[in-house]
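K.L.:
have a look at this prediction, sequence included:
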Amino acid sequence: MHSKDTYTHTILLQHCVNPAGLADGEYAEFHLDCILGHDPTIALLIDDFRRLGGTIWDKSRVLFTADHFAPPASEERAGILKKFLDFCKQEHITNLELFTGICHQVLVEHPAAVPGALIIGADSHTVTAGALGCFATGMGSTDVLYGLITGKIWMRVPECFKITLTGKPAPFILGKDIILKLLADLGEDGALYRSLEFVDHTDSGISMDSRFSISNMVVEGGAKAGIFIPDGITARYVEEKNGSPCEQLTVPDAAQYERDIVCDVSGLSPMVAIPPHPSHAVPVTDVAGEPLDQVYIGSCTGGRLEDLKIAATILKGKKTAPFCRLIVIPSSNKIYLRALEAGYVKTLIEAGAAIANPSCGPCGKIDKGIIAAGETCLATSNRNFDGRMGGTGSRVFLCSTATAAASALEGKITDPRKYFN
């Protein structure tokens, strides 16, 4: 069945330059509400921007961040950062976040990310903002260049899946476990160029931080977007960050979806993704005992306050295993400060963690925790392709923060349930 009259279609219809031409599978042009860019990908388009004699269509709708090379760890990366910052200075970019956090977390903290917005970013994990009811998606530098100059983007209208979350998750189950299970069920590219619309019918509601993790990783199944239908949890988050009531977008009553999937999270086990793909996820018991050289808690998937709280809860009064490194990187300065105030950072340091400033860090083999050839890392990040975090033959397993913290204590992949009894 083709999708029709979905929440995704509602957003796209409101932004379509020619609404009469909007149809599934067809290309259409859309007005943009916001463009997200970071240091290395914006640097890629600067020469073409200059060659075209471009001007940015609306600087108030552009959010640029320096988060990958934050700060740069090599002369080459320092040059890329300089090129990016020189461009921002020359173009009088006012919404510039310099070393304040990972762009996707900075975006969801920014006033532009609200229900019904259409946002593109020069990074595939821009989909994270879908947790706030936006249609947010990643684009290549060429598409972002077009958007910066015109304020518009050409895009094929995606088919839509409806994913209803039900049941009551156990206290050790986070959004990361839910999305890993969904990716395992869908398979590699099982959601290719689909917009996944999540409806939260769980008993007490999935937390906002867990929703961000879920939306963040839909792209690992090939999805174009991962949108939570706005509800009270969305409204409270937006009102708290923006200081004003959340404007609600009407959700269609008679929407039709290509697929309708129900995911009962009640009996879900902690999940771990085996390299080399996030969809190769299994219950933690299937890989328990795998020796680890490093555990990484951070990234745009797993470095939020909820993550740092649960890690501190498990690690409080304990020490990490000998020879197992624990790297912790909060997703933004706001999160870092809140974690400091709550005492989580002190607890993590006392347990043996190395805390680094908010940035992408080792996730893309950039810095602050790169692993050597042959080493194994358990990470709360979103990708585990060969060499993703280090040398040839290095391996990355993906998990939630509860599993990561428990595993850091034992120096091997560990079922966190034993720490919740």
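P.N.:
Received it, and whenever you're ready, just let me know what you need.
K.L.:
how about Phe420: what's its closest non-neighbour residue?
P.N.:
Nearest non-adjacent residue to Phe420, counting by CB to CB, 6 or more residues apart in numbering: Phe172, 4.9 Å away. Every C-beta, even on glycine, is put in place using the N, C-alpha and C of the backbone.
K.L.:
next one: Ser269
P.N.:
Using CB to CB, 6+ apart, the closest residue to Ser269 is Pro283 (4.0 Å).
K.L.:
contacts only, for the residue nearest to Phe420.
P.N.:
Pro270, Ser400, Ala402, Pro416, Arg417, Tyr419, Phe420 (CB atoms under 8 Å, 6 or more residues apart in numbering).
K.L.:
in JSON lines, list those along with secondary structure and pLDDT.
P.N.:
Output for those, formatted as JSON lines (DSSP: H, G, I helix; E, B strand; the rest coil; pLDDT from 0 to 100):
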{"residue": "Pro270", "secondary structure": "coil", "pLDDT": "98"}
{"residue": "Ser400", "secondary structure": "coil", "pLDDT": "98"}
{"residue": "Ala402", "secondary structure": "helix", "pLDDT": "98"}
{"residue": "Pro416", "secondary structure": "helix", "pLDDT": "98"}
{"residue": "Arg417", "secondary structure": "helix", "pLDDT": "97"}
{"residue": "Tyr419", "secondary structure": "helix", "pLDDT": "95"}
{"residue": "Phe420", "secondary structure": "coil", "pLDDT": "90"}
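K.L.:
which stretches of the chain form helices?
P.N.:
7-15, 39-51, 75-90, 103-109, 141-150, 175-186, 208-216, 232-242, 299-302, 305-315, 333-342, 344-351, 401-410 (DSSP state H).
K.L.:
okay if I get these as JSON lines plus mean neighbour count?
P.N.:
Listed next are the helices of the chain as JSON lines, based on neighbours: other CB atoms under 10 Å:
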{"stretch": "helix 7-15", "mean neighbour count": "21"}
{"stretch": "helix 39-51", "mean neighbour count": "18"}
{"stretch": "helix 75-90", "mean neighbour count": "15"}
{"stretch": "helix 103-109", "mean neighbour count": "27"}
{"stretch": "helix 141-150", "mean neighbour count": "19"}
{"stretch": "helix 175-186", "mean neighbour count": "25"}
{"stretch": "helix 208-216", "mean neighbour count": "27"}
{"stretch": "helix 232-242", "mean neighbour count": "16"}
{"stretch": "helix 299-302", "mean neighbour count": "30"}
{"stretch": "helix 305-315", "mean neighbour count": "24"}
{"stretch": "helix 333-342", "mean neighbour count": "17"}
{"stretch": "helix 344-351", "mean neighbour count": "19"}
{"stretch": "helix 401-410", "mean neighbour count": "28"}
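K.L.:
beta partners for Gly37?
P.N.:
Phe64 (DSSP bridges).
K.L.:
and it, how far from Ala254?
P.N.:
In this view, Gly37 and Ala254 are 38 Å apart by CB to CB, to the nearest Å.
K.L.:
higher neighbour count, the two?
P.N.:
Each of Gly37 and Ala254 has its neighbours counted (other CB atoms under 10 Å); Gly37 has more, 29 against 6.
K.L.:
what pLDDT does the more buried one get?
P.N.:
What the model reports as pLDDT for Gly37 is 98.
K.L.:
what of Thr392?
P.N.:
For Thr392, the predicted pLDDT is 89.
K.L.:
contact partners for the residue nearest to it when sequence neighbours are not counted?
P.N.:
Closest residue to Thr392 apart from its sequence neighbours, by CB to CB, 6+ apart: Ala373 at 5.2 Å. When contacts are counted by CB under 8 Å, 6+ apart, Ala373 touches Gly390, Gly391, Thr392, Gly393, Ser394.
K.L.:
try Thr320
P.N.:
Going by CB under 8 Å, 6+ apart, the list of residues near Thr320 reads Val295, Leu326, Ala351, Gly352, Ala353, Ala408, Leu409, Gly411.
K.L.:
ok, and the closest non-adjacent residue to the residue positioned nearest the centre of the chain?
P.N.:
When CA atoms, centre = their mean is applied to the chain, the residue found nearest the centroid is Asn216 (3.1 Å). Distances taken as CB to CB, 6+ apart place Thr128 nearest to Asn216, at 4.2 Å, with adjacent residues excluded.
K.L.:
with that, I have no additional questions.
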